[in-house]
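Student: Fold the following, please.
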Amino acid sequence: MQNNFTASFLLVLALLLTCTAKAQQGRPAYFVTLANDTIHGSIKKHKAITNTIYFKATGKSSYTAYNTSQVKSFTLENNLLFEPVTITLNEQQQQVFMRVLVDGPVKLYYNENISATSQYFIQKPGEPLVHLRKNSLDGTLNYLLQDCSETVKHSAYKYTTTALAANIDAYNKCIYPAEASNKLLAHARLEYQAGMRAGTRIGSFSYTGRHIESNIPHTQNQRKADFVAAGFVNVSTTTTNFALQAELLFKRFSGSQHITGISSNLFDYTFDSKIDFTFLQLPLLLRYDVTTNSNWRPYLVAGSSYSYVLNSSFDNSITYQDKYVTYSYASDDQLTGKLNGYAAGIGVEYLTLKKASFVFDARYDTNTLRGRGVFDEKGKGRKFYISSLLFTLGAAF
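Tutor: Next comes the predicted model:
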């Protein structure tokens, strides 16, 4: 079991280091200036592009900001072409960068960051941009493509990149046969993001057991805020809002408890416990980024977690009076081995489009572990429950 944990730990650590390096490299690209000069280099953070890109020219050591008024177009590797497009947002006209899916007289654009209801846009020559919304797709396309009977389907249009690009490309070839029309369908490409978070963990540590000598059953709870630190990496594609996120968390829990009471046999007892343990947690989560029209991107995460206790001590003692005799028992249990559980939470990422984005994360997780103390009956060891509510801040690259 320890070998499995070691392998998992090394794998996550290698992913963190590799993806951090990849995230810092930027993506190979070139852009065309308003004077039609072509400059080669690399671009950072293309998934969050709205109206600014950060470009580092070949041979330069730093990135420079360029907005839509300075760039005619830019192209990422794998033939991903972006152009500045005028769009109405919040009742105001502004220019944003959009990916070109069909480059021809009629253009098909894509941008997932500027609207929660539409990702695809069409623009005919000399006409304003038209949003393609899924719930009104058939009517919109039938109206726009009505002058070419070969492309009108009347119903059953598909709201996908491949299908819409085929429709618009066919329309261009039908209405503008003498002009070039190209589908720029570079499909899913893996993207990496890595980061660090730190914050507080409000923990609940509970256990069940029975002190056989005193016949006193116990279910004890301890709650305390402790420090937590985490490294994470997520892997996604350029065509989806879902990502796989692997994390490595360091957690510490400590606390003490003093309880007095009367047992079912009507004698007084005093119970004291003190716990201090640290463990590493390896959650594997599915993350979903919510599309917004701003640099604030909410997300949801959920998945399973695997933890390993690094070191621990659980000192507990009981003193009780049976008639005229006082009895005392003490135990120092060691909590070792693995913990299995799950985690779920919400967060928000602020995309700066520069060197890093900032992350706030609220998370709940729970783990279980079976232990054994000197008070426990044979085959009925204590069952430990470790639950946490985590609030962390950090940065992603």
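Student: and Glu349, how many residues sit next to it?
Tutor: Other residues near Glu349 come to 22 when the count uses other CB atoms under 10 Å. Using the backbone N, CA and C atoms, a C-beta is placed for each residue, glycine as well.
Student: same question, Gln92
Tutor: The number of residues packed near Gln92 is 7, by other CB under 10 Å.
Student: just how off-centre is stretch 89-99 within its chain?
Tutor: 27 Å (CA atoms, centre = their mean, to the nearest Å).
Student: Can you show me the CA trace of it as PDB?
Tutor: Only the C-alpha atoms of stretch 89-99 are listed here, as PDB (Å, rounded to 0.1, in the frame of the first residue of the first chain):
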ATOM      1  CA  LEU A  89     -21.900  43.600 -25.200                       C
ATOM      2  CA  ASN A  90     -24.000  45.100 -22.400                       C
ATOM      3  CA  GLU A  91     -25.600  47.500 -25.000                       C
ATOM      4  CA  GLN A  92     -22.200  48.800 -26.000                       C
ATOM      5  CA  GLN A  93     -20.100  48.100 -29.000                       C
ATOM      6  CA  GLN A  94     -16.600  46.800 -28.500                       C
ATOM      7  CA  GLN A  95     -14.000  44.700 -30.200                       C
ATOM      8  CA  VAL A  96     -12.900  41.300 -29.000                       C
ATOM      9  CA  PHE A  97     -10.700  38.600 -30.500                       C
ATOM     10  CA  MET A  98     -12.600  35.600 -31.900                       C
ATOM     11  CA  ARG A  99     -11.300  32.400 -33.400                       C
END
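Student: Show me which residues of that stretch are buried.
Tutor: Gln95, Val96, Phe97, Met98, Arg99 (16 or more other CB atoms under 10 Å).
Student: what residue ranges in the stretch 1-150 of the chain score low on pLDDT?
Tutor: 1-26, 45-49, 116 (pLDDT under 70).
Student: give me every residue that touches Tyr110.
Tutor: Going by CB atoms under 8 Å, 6 or more residues apart in numbering, Tyr110 touches Met98, Arg99, Leu101, Gln119, Tyr120, Phe121, Thr161.
Student: 10 Å - rerun?
Tutor: Going by CB atoms under 10 Å, 6 or more residues apart in numbering, Tyr110 touches 80, 82, 98-102, 118-121, 132, 161, 164-165, 184, 239.
Student: Now which of the residues you listed would you call buried?
Tutor: Among these, those classed as buried by 16+ other CB under 10 Å are 80, 82, 98-102, 118-121, 132, 161, 164-165, 184.
Student: what ranges do the strands span in the stretch 151-300 of the chain?
Tutor: 182-183, 190-211, 216-237, 242-262, 268-289, 296-322 (DSSP state E, counting those that start in this stretch).
Student: As a markdown table, these with mean neighbour count would be great.
Tutor: Shown next, in a markdown table, are those (neighbours: other CB atoms under 10 Å):
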| stretch | mean neighbour count |
| --- | --- |
| strand 182-183 | 16 |
| strand 190-211 | 19 |
| strand 216-237 | 17 |
| strand 242-262 | 16 |
| strand 268-289 | 18 |
| strand 296-322 | 17 |
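Student: Any idea which of those strands gets closest to Glu91?
Tutor: The closest of the strands of the stretch 151-300 of the chain to Glu91 is strand 296-322. By CB to CB, the value is 19.9 Å.
Student: Tell me the spacing between Pro387 and Glu83.
Tutor: Not Pro; residue 387 is Ser. 50 Å (CB to CB, to the nearest Å).
Student: ok, back up a step: select from the contacts of Tyr110 every entry located in strands.
Tutor: Leu80, Phe82, Met98, Arg99, Val100, Leu101, Val102, Tyr120, Phe121, Leu132 (DSSP state E).
Student: ok so, going back, out of the buried ones among the contacts of Tyr110, which comes closest to Asn316?
Tutor: Nearest to Asn316 out of the buried ones among the contacts of Tyr110 is Gln119 (CB to CB; 57.7 Å).
Student: give me phi/psi at that closest one?
Tutor: phi -110, psi -20 (degrees, to the nearest 10).
Student: so how far is Phe74 from the closest residue to it other than its chain neighbours?
Tutor: Nearest non-adjacent residue to Gln119, counting by CB to CB, 6 or more residues apart in numbering: Glu112, 5.0 Å away. Remark: distance between Glu112 and Phe74 (CB to CB) = 17 Å.
Student: What distance do you get for the residue most central in space within the chain to Gly345?
Tutor: Centroid-nearest residue in the chain, with CA atoms, centre = their mean: Arg287, separated by 4.3 Å. Noted for Arg287: a distance of 10 Å to Gly345, by CB to CB.
Student: And for Gln94?
Tutor: 34 Å.
Student: tell me the domain boundaries of this protein?
Tutor: 28-183, 190-396 (automatic domain parsing).
Student: that older thread, Glu112 and Phe74: which has the busier surroundings?
Tutor: Shown here are Glu112 and Phe74; by other CB under 10 Å, Phe74 has more neighbours (25 against 19).
Student: For that one, what is the enclosing helix or strand?
Tutor: Using DSSP states H and E, Phe74 sits in strand 71-76.
Student: What is that strand packed up against?
Tutor: For strand 71-76, the packing partners by 3 or more CB pairs under 10 Å, 6 or more residues apart in numbering; DSSP states H and E come out as strand 27-33, strand 38-44, strand 52-57, strand 80-89, strand 92-103.
Student: just checking, next helix/strand downstream of the longest one?
Tutor: Note on strand 92-103: by DSSP H and E, the next helix or strand toward the C-terminus is strand 107-110.
Student: Leaving out the residues flanking it, which one is nearest to Ala344?
Tutor: Per CB to CB, 6+ apart, closest to Ala344 is Ala302, 4.2 Å.
Student: Who does the one you found form a beta bridge with?
Tutor: Residues in a beta bridge with Ala302, per DSSP bridges, are Leu286, Ala344.
Student: and the gap between it and Val235?
Tutor: 16 Å.
Student: and if you look at Gln94?
Tutor: According to CB to CB, Gln94 and Val235 sit 32 Å apart.
Student: So Val130 versus Gln95, what's the distance?
Tutor: Applying CB to CB, the value for Val130 to Gln95 is 17 Å.
Student: what do you get for Tyr110?
Tutor: Applying CB to CB to Tyr110 and Gln95 gives a distance of 16 Å.
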